[in-house]
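Peer 1: Sequence isn't available, so here's the structure alone:
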């Protein structure tokens, strides 16, 4: 990604006006601004963004898992029948658990109430983790369990785990499902698209820089003329009252601000030069730096220098944007909206305790594939879309907060508009489709299996929703 111009990330309306109108420098009309010299930019695009197809990708929102059901199923299949002892918190769920165990290959011969304290005491068994299974799910050492007297039948204990919450949370987190294919495809599409758009973005930034320097050259002398008396910082002892000292402090900060803008007239791009950012669409913005200026300074000094310099940036944006290609602007805005898609996908793919049906996962995959088709659409029509001068703030990864000067507003019916809505729907659909959502801090169920001779065969843990979740069955 070039210079922080675009990032996976995942505005207020109206034009900013001077806070103290009488102190604002005259605002030249766009026609009075200097013309931008140089090439008119790259030839118009003939295709949409080079986004790979998202159809057919295999991905699913990851869910947290506490244990290995395959290992439990393998242990249960060794016995024709098993006695199931359920902890008191599972009262009323006997049939659901019996059905879940049957789907794992077990044949419960009886169910009764009880608890693991029958064999390991109230404090529970020592927790010793083993290397994860071949499926990447956690396993635990059954030898931590005590042996019990022979019972003549295998016995499976299921109840709330008696674990130290801090100790449990300190263990590595494991998940089922992955969004890697979707995220890789999205990143690849962004990288290719940035390479395609690079000539246009460079041209647009050059146009913005030229317009900005022209506006500065015309207006900076008038803005700085009244600040010469504030160039040297003075101590409080030089003033008869606090009001005079505070006015001088504001004026000196204004003078320092003007000096920063003078550096932009050297011919080199400076930090305050407006440029295009592809974050939540296409925006023109400028990083304003960390020079603190009190909000009361306009009243103390008699004019608002901050507002005046922002107005210069907005006017430069107005001049430069008028000459930009409509088709390239549409594509730049479309690529900037990839951050909306990425933010929705990353939120959907944050590991959580939950379940999804196969139909729900297929629906999410189809909606994501539709977003990919919109990103790569060859529809470059402007419709009602246009660059709009609009104030605001946004965050640039690696640079910090930036002042928005303008943004591209896509017209109704544009794939760009559909992208923004579609990204929000992807996130919302993922929230609606999640089943059996559990508390992130909650402890799992403990499952301990003994053979007929009373020897421990299996110790594992499962979040409740992994074992029983409506008609979904064990995961």
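Peer 2: That came through, no problem. Worth saying up front: this structure is predicted, and the values here are computed from it rather than measured. Numbers count the residues shown, from 1 in each chain.

Peer 1: drop to CA atoms for contacts and neighbour counts, all remaining ones
Peer 2: Fine.

Peer 1: How about the contacts made by the closest residue to residue 253 other than its chain neighbours?
Peer 2: Excluding the flanking residues, the one nearest residue 253 by Cα to Cα, 6 or more residues apart in numbering is residue 293, at 6.5 Å. By Cα atoms under 8 Å, 6 or more residues apart in numbering, residue 293 lies in contact with 250, 253-254.

Peer 1: Now go through those residues and say which are in helices.
Peer 2: Of the contacts of residue 293, the ones assigned to helices by DSSP state H are 250, 253-254.

Peer 1: quick one on the thing from earlier: top of the contacts of residue 293 by neighbour count?
Peer 2: residue 254 (26 neighbours; other Cα atoms under 10 Å).

Peer 1: correct me, but that one touches residue 307?
Peer 2: No - taking contacts as Cα atoms under 8 Å, residue 254 lies outside contact range of residue 307: 11.1 Å.

Peer 1: which residues of the stretch 101-250 of the chain fall in strands?
Peer 2: 108-113, 129-130, 139-140, 154-160, 174-176 (DSSP state E, counting those that start in this stretch).

Peer 1: Spell out which strands sit alongside the last one in the sheet and which way each one runs.
Peer 2: Each strand paired with strand 174-176, and its direction, by DSSP bridges: strand 63-65 (antiparallel).

Peer 1: tell me which element residue 418 falls in.
Peer 2: helix 415-433 (DSSP states H and E).

Peer 1: just how off-centre is the longest helix seen in the chain within its chain?
Peer 2: When every helix of the chain is counted residue by residue (DSSP H), the longest turns out to be helix 180-225. A distance of 22 Å separates the centroid of the chain from that of helix 180-225, by Cα atoms, centre = their mean, to the nearest Å.

Peer 1: name the helices or strands packed onto it?
Peer 2: Applying 3 or more Cα pairs under 8 Å, 6 or more residues apart in numbering; DSSP states H and E, we find helix 180-225 packed against helix 242-262, strand 275-278, helix 305-321, helix 326-336, helix 338-348.

Peer 1: tell me the mean pLDDT over the shortest one?
Peer 2: By that I understand strand 275-278. Averaged across strand 275-278, the pLDDT comes to 96.

Peer 1: ok, and for it, which residues are buried?
Peer 2: By neighbour count with 16 or more other Cα atoms under 10 Å, strand 275-278 contains the buried residues 275-278.

Peer 1: just the first one next, same as before
Peer 2: Neighbour-count burial for helix 242-262, with 16+ other Cα under 10 Å as criterion, is recorded at 245-258, 261-262.

Peer 1: Of these, which is the nearest to residue 364?
Peer 2: Distance to residue 364, by Cα to Cα, is smallest for residue 261 among the buried residues of helix 242-262, at 48.9 Å.

Peer 1: Let me know whether that closest one touches residue 271 as I believe.
Peer 2: No - with contacts counted by Cα under 8 Å, residue 261 stays clear of residue 271, the gap being 9.2 Å.

Peer 1: Residues in a beta bridge with the residue lying closest to residue 108 once chain neighbours are set aside, which ones?
Peer 2: Nearest non-adjacent residue to residue 108, counting by Cα to Cα, 6+ apart: residue 82, 4.8 Å away. Beta-bridge pairing for residue 82 (DSSP bridges): residue 108, residue 154.

Peer 1: correct me, but residue 82 touches residue 105?
Peer 2: No - at 10.8 Å, residue 82 does not count as touching residue 105 under the criterion of Cα under 8 Å.

Peer 1: who has more neighbours, these two?
Peer 2: Counted by other Cα under 10 Å, residue 82 and residue 105 do not tie: residue 82 has more neighbours, with 24 against 19.

Peer 1: pLDDT (mean, whole number) over stretch 458-468?
Peer 2: Taken as a whole, stretch 458-468 carries a mean pLDDT of 90.

Peer 1: Low-confidence bits of the stretch 101-250 of the chain, can you list those?
Peer 2: Residues of the stretch 101-250 of the chain that meet the criterion pLDDT under 70 lie in 111, 115-127.
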